[in-house]
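> Fold the following.
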Amino acid sequence: MKSLLLFWRNVLDELGTWCSVSTSEDWKSINRRFEHEGDEFLTITLPEFAKDLERALAQRQVSPDLFRFFKKRQKSPIFLGGFMDLVFERETGAMFDVSQDELPSMSDAIFAMRQLTLMFGKIEKPCTPAREAAAFQQYIETEEELAQWEDEVLGSDLESFRHIARTLFRDSLTKVDYDVYYHELVPGHGPGSTADRISGNQKFDFSEWTERLESVFPFGEYCLPSWRSYYLLDRVQFLLPGAERPVRVVSVPKTQKTPRIIAIEPTCMQYMQQAISRRLVECLATDSTVAGMIGFDDQIPNQEMARIGSLDESLATLDLSEASDRVSFLLVSTMLEGFWNLHDGVEASRSLRAEVPGHGIVSLTKFASMGSALTFPIEAMVFLTCVFHGIASQLGVPVTRALIKEYSSRVRVYGDDIVVPVDMATAVVHSLELFGFRVNERKSFWTGMFRESCGKDFFSGEDVSVTRVRREFPSQLTDVEEIISTVSLRNQLFFAGLVDSARYLDRIVEKVLPHYPLVHPDSPVVGRHSHITFDSDRMSDALQAPLVKGYVVYSRIPSSICSGEGALLKCLTKVGVEPFQDVRHLERQGRPDAVRLKLRWAMPY
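Purely as a prediction, here's the structure:
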């Protein structure tokens, strides 16, 4: 981490030059605190400074409860004080009025402080065992809180939720319900792990199916390439509910403060979750009522609405804590009432139990954790329903198609990133909490001129998004992932305008990469990106095009062979008319087991 600290100093000096402020005391402060507090000062304490800064921007004031881990001079923290003085008045803590002339210097100062404090917040380093154990404990506590909420929620609130969901999603749910009934869904497998530790093409050779799945999705209809393969039924174990395989709850890196908790589904469950999810997303994306308010693969509308909200303060951005884990199955069941084929299909493909490290096997109250193919579309539908519950409550009117159309251009849900009108924000927050969710107030904004949504951050219409360090820097050619990450960081910083910091990283990379050319962003070569030019070492005789010598990322897909019936099933369940990208897809499948760099001649653009 010492090398990262030296890089931080370089970024500090460059941003100080940007904003014309002295940064010598800031370097002394961080160097001293790093010596005493270690890595966690960079990865945990500094990001807390950024969160407090965002709250101060929302409040237009540095309040006494902010920046508790940093010494203050009058109202503002001493650390990064030169930048703070461009945004907040030191004597009172009040934010300066934003005029068109002062906006560039203020937005530059805000960007600088956020870049310096958030840069290492999501570096891929493992949490301590204690923090990981606390995350699993929180998973269990969330289950207990959901069970308590189900006992306390009023029937009238659930009825209101059901009516709003039906008004919003009636057309889409009707179509998917029809397809479930007539076995028209197309199932499939994702690229990830499964609870039964089956991977690649072998997922198509089923050995387990549940009785619950069989009642809605007959094995013969969905898992046999044709009924001529009926003999495969003899190889399948049909599991009763009490014998079903639980999901495996695991942690994956997120921040050093806390890991991300996900659940790995059994192969058979994942297979049918994909079937429902594919059709549900397709219907919602083309639904004339909700298509513009719900997103699954395009974050740009949310980001643009966040920019507009920061500019004219008309739109609020809301963020939820533990969003996926707080979607109760009771809510999902209520939402799907009346569409009983789909309801039963969703219920049958939902895992009932989870194996949680340190806690054994527990029954699930939540609909599903992150990891289920249905989590993302279902939670988006639930959140959109809560949004209109809040709007209707605020206005004192029922939710009708006319009301939905009126607000359709000012409401947007992408996962747990929610955009709503500012004048409805408080009511929407109340509705979300009424249905068991927790709004993350430190990452939700409806006052001030700061907004964030889907990875983009804005202040008064100006983009103040930061570039993050994801891995430590490489020291040798075999540090492949570190090299790829550092080169990506370099190129992001270059296009963000931090040219000196990009050059600093160039010197680090040049020590481990003998060939490090200037290439276009579309080139497969690992190299430096630029606005206007690229290197050329020779011309290709075959293509009459320039070539450059450099390292290209190479990943080997693991060997994975299934039976002939499984191979046929894979081909028959493929979505789309395009052929498989890899002609050897029946021999190799899954995520790469390793990433390598190969030196070769390639096009620089």
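> just the CA coordinates of the host helix or strand of Lys405, formatted as PDB?
In this structure, Lys405 sits in helix 401-407 according to DSSP states H and E. Taking C-alpha atoms only, helix 401-407 is exported to PDB below (Å, rounded to 0.1, in the frame of the first residue of the first chain):
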ATOM      1  CA  ARG A 401     -52.900   4.700 -15.800                       C
ATOM      2  CA  ALA A 402     -53.300   8.500 -16.100                       C
ATOM      3  CA  LEU A 403     -51.300   9.100 -13.000                       C
ATOM      4  CA  ILE A 404     -48.600   6.700 -14.100                       C
ATOM      5  CA  LYS A 405     -48.400   8.500 -17.500                       C
ATOM      6  CA  GLU A 406     -48.200  11.900 -15.700                       C
ATOM      7  CA  TYR A 407     -45.100  10.800 -13.700                       C
END
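> Can you mark which positions in it are buried?
403-404, 407 (16 or more other C-beta atoms under 10 Å). Every residue, glycine included, has its C-beta placed from N, CA and C.
> can you give me the offset of that helix from its chain's centre?
29 Å (C-alpha atoms, centre = their mean, to the nearest Å).
> same question, stretch 171-187
For stretch 171-187, the distance to the chain centre is 28 Å (C-alpha atoms, centre = their mean).
> if we can go back for a sec, could you spell out the sheet neighbours of the helix or strand just after the helix holding Lys405, each with its direction?
For helix 401-407, the succeeding helix or strand toward the C-terminus, using DSSP H and E, is strand 412-414. According to DSSP bridges, strand 412-414 forms sheet pairs with strand 294-295 (parallel), strand 417-421 (antiparallel).
> So which of the buried residues of helix 401-407 is the closest to Phe70?
Tyr407 (41.1 Å; C-beta to C-beta).
> list the contacts for that closest one?
By C-beta atoms under 8 Å, 6 or more residues apart in numbering, the contact set of Tyr407 is 388, 391, 421.
> Count the residues that sit near the last one.
By other C-beta atoms under 10 Å, the residues close to Pro421 number 20.
> ok, and the closest non-adjacent residue to it?
Arg410 (4.8 Å; C-beta to C-beta, 6 or more residues apart in numbering).
> Hmm, that neighbour is touching Asp423, no?
No: counting by C-beta atoms under 8 Å, Arg410 does not reach Asp423; the two are 9.9 Å apart.
> Helices along the stretch 151-300 of the chain, start to end?
155-181, 211-216, 219-222, 267-285, 300-312 (DSSP state H, counting those that start in this stretch).
> Quick check: which of those helices is nearest to Gly564?
helix 219-222 (17.6 Å).
> Who are the packing partners of the closest one?
Secondary-structure packing of helix 219-222 (3 or more C-beta pairs under 8 Å, 6 or more residues apart in numbering; DSSP states H and E): helix 267-285.
> what residues are up against Arg166?
Applying C-beta under 8 Å, 6+ apart, the residues contacting Arg166 are 173, 338.
> doesn't Gly550 fall inside a helix?
No: counting by DSSP: H, G, I helix; E, B strand; the rest coil, Gly550 is located in no helix; its state is strand.
> correct me, but it touches Val519?
Yes: Gly550 lies in contact with Val519 (C-beta under 8 Å); the separation is 7.0 Å.
> roughly how far apart are Val98 and Phe49?
Between Val98 and Phe49 the distance is 22 Å, computed by C-beta to C-beta, to the nearest Å.
> hang on, the earlier thing: show me the one of the strands paired with strand 412-414 that comes nearest Phe34.
Among those, strand 417-421 sits nearest to Phe34 (C-beta to C-beta), with 33.0 Å.
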